[in-house]
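Enquirer: here is a sequence with its predicted model. Questions after.
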Amino acid sequence: VPYQTDIYRKVMSKAPVVIDLFCGCGGFGLGAKLAGFDVIAAVDIDATLQSAYARNFPNTKIINGDISLLGESEWNSIILSKKIDGIIGGPPCQGYSRMGHSDVNDPRRSLLRHFFRTVNIIKPKFFVMENVEGLMDEKNVYELKSALKILDADYQVLDPMIIDASDFGAPTRRRRVVVIGFIPEEFECGLNSETLKAGNYERNTVRNAISDLPAPLMKSKNNDITDFGWHKYRDVNVENLSKYAKEMRSLPPKGMGWKNAIDKMKIGEISGFFNTLHSPKVKARYSSILPGMVDPVSKSKCLLWDGLCPTLRAGTGSDKGSHQAVRPLHPEEGRVITVREAARLQGFPDWFVFHHTKWHSFRMIGNSVSPLMSKHIMGEIYDALNNIETNAIKVG
């Protein structure tokens, strides 16, 4: 586990398996993989957002479909009688978000119930459901309580926890509700809310995360759909990099990552550096905003080198007008951050690729679970599972 010391993680004889629902680009699944799980299937209705999952998780079965339409027969054909250890996922949060109108008639709100319906069909040893903090607001929490009532009685459900990704090493404030349920006899000692919420992690800042990254490319886009905005690392002494930056620059674990991106990394190139063109007037205005202050027109906050990034937002899909979310400003350069800078701030490693367009890439990142938060939660669950262990290794 990055940013922890003297932690011993057991190594199971066979990796426990999970299914990733509402998977998006794969932040939740990445944390699960890094914690020792095997993600055997990932489901999402948005093929564009899911395209990153297919590239970065080459050995995972990708299902593009509507979870509300998947019943027992469909799931049997997907998992082929394989015993599933866990289900993870974050049902669409827009219906509960404090940033919008939290429309009680938003059809996406019903997907919360379909998450738990799917748990009943597959009957895993545990589940982890993530959503926005607004789900716990008085006008929304009744839907969570109602959805939980359909769960099989075998599951013990922990009280919903509100946790912040910055507490687990991510250099961004991102508070989320996490609901965890498990079958007690499948665990050696159960699960504890306190250990799931806390960890001995270093606090990482914007400086730790992005100060080693180069400025954007001159071009803002490319008609070549294989061009993801590749750019060489800034010429710096690697020994002077933060621990966080070194971790982000590591190559992926075996069986993970897109071959094109891995080959690029080996020659010092990574994706996500297309420029965002600002008019001279906007550039001058952005350059005048002091770190920690907010641009009065765009509402973009200028990042502080020694602070945390505010929550990165996704914007809207084409069904809701294709609106770009407000992006933070770089601490010094009078511009909005690049895709790679956003990825670093969210906790995605440099080998992880998103989309050849900035808009979809930012949607992917803004919709995602921070992999560092996911890795902590999934690591705690991994260690508590009642499986045969072969040995233990020291990590961190």
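Expert: Structure's in. What do you need? Residues are numbered from 1 along each chain as shown.
Enquirer: for this protein, what spans make up the strands?
Expert: Using DSSP state E, the strands of the chain run over residues 7-12, 17-21, 38-44, 61-64, 86-89, 126-132, 156-157, 161-164, 175-182, 231-232, 269-270, 389-395.
Enquirer: out of those, which comes closest to Ala325?
Expert: Ranking the strands of the chain by proximity to Ala325 (CB to CB) places strand 126-132 first, at 14.0 Å. Where you see a C-beta, it was placed from the backbone N, CA and C, and this is true even at glycine.
Enquirer: report the inter-axis angle for the longest helix that the chain contains versus strand 17-21.
Expert: Secondary structure of the chain read by DSSP state H shows that its longest helix is helix 371-384. Angle, helix 371-384 to strand 17-21, by axes from the mean of the first three to the mean of the last three CA atoms, to 10 degrees: 140 degrees.
Enquirer: what's the average pLDDT for helix 371-384?
Expert: Taken as a whole, helix 371-384 carries a mean pLDDT of 96.
Enquirer: ok, stretch 250-259 next?
Expert: Per-residue scores along stretch 250-259 average to 96.
Enquirer: what's the span of that stretch, first residue to last?
Expert: End-to-end distance for stretch 250-259, by CA to CA, to the nearest Å: 15 Å.
Enquirer: may I see the buried residues of it?
Expert: 252, 256-258 (16 or more other CB atoms under 10 Å).
Enquirer: repeat for stretch 332-342
Expert: Of the residues in stretch 332-342, those scored as buried under the neighbour-count criterion (16+ other CB under 10 Å) are 334-342.
Enquirer: swap in stretch 39-48?
Expert: Of the residues in stretch 39-48, those buried by neighbour count under the rule 16+ other CB under 10 Å are 39-46, 48.
Enquirer: TSV for those, including distance to Tyr286 and pLDDT?
Expert: Supplementary listing: the buried residues of stretch 39-48 in TSV, determined by distance: CB to CB, whole Å; pLDDT from 0 to 100:
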residue	distance to Tyr286	pLDDT
Val39	39	98
Ile40	45	97
Ala41	43	97
Ala42	37	97
Val43	40	97
Asp44	34	96
Ile45	36	94
Asp46	31	94
Thr48	29	94
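Enquirer: mind putting those residues in JSON lines, distance to Asn237 included?
Expert: What follows is the buried residues of stretch 39-48, written out as JSON lines (distance: CB to CB, whole Å):
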{"residue": "Val39", "distance to Asn237": "36"}
{"residue": "Ile40", "distance to Asn237": "42"}
{"residue": "Ala41", "distance to Asn237": "43"}
{"residue": "Ala42", "distance to Asn237": "39"}
{"residue": "Val43", "distance to Asn237": "44"}
{"residue": "Asp44", "distance to Asn237": "41"}
{"residue": "Ile45", "distance to Asn237": "46"}
{"residue": "Asp46", "distance to Asn237": "41"}
{"residue": "Thr48", "distance to Asn237": "39"}
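Enquirer: which two of those have the greatest separation?
Expert: Largest separation among the buried residues of stretch 39-48 by CB to CB: Ile40 and Thr48, giving 22.6 Å.
Enquirer: quick one: the helices in this structure?
Expert: Using DSSP H, helices in the chain cover 27-34, 47-56, 72-79, 111-122, 138-148, 193-197, 206-210, 243-248, 259-266, 280-288, 339-346, 358-367, 371-384.
Enquirer: need the ones you listed in a markdown table (columns: distance to Val179).
Expert: Supplementary listing: these in a markdown table, determined by distance: least, CB to CB, whole Å:
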| stretch | distance to Val179 |
| --- | --- |
| helix 27-34 | 13 |
| helix 47-56 | 22 |
| helix 72-79 | 21 |
| helix 111-122 | 9 |
| helix 138-148 | 7 |
| helix 193-197 | 11 |
| helix 206-210 | 29 |
| helix 243-248 | 29 |
| helix 259-266 | 33 |
| helix 280-288 | 39 |
| helix 339-346 | 21 |
| helix 358-367 | 18 |
| helix 371-384 | 11 |
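Enquirer: closest one to Val236 among the ones you listed?
Expert: In this view, those are compared for proximity to Val236 by CB to CB, and helix 243-248 is the closest at 9.1 Å.
Enquirer: packing partners of the closest one?
Expert: helix 206-210 (3 or more CB pairs under 8 Å, 6 or more residues apart in numbering; DSSP states H and E).
Enquirer: what helices and strands are in contact with the helix it packs on?
Expert: helix 243-248, helix 339-346.
Enquirer: of all these, which one is nearest Ile78?
Expert: Nearest to Ile78 among those is helix 339-346; the distance by CB to CB comes to 28.7 Å.
Enquirer: distance from that closest one to the middle of the chain?
Expert: Here the centre of mass of C-alpha atoms in helix 339-346, compared against the chain's by CA atoms, centre = their mean, to the nearest Å, lies 11 Å away.
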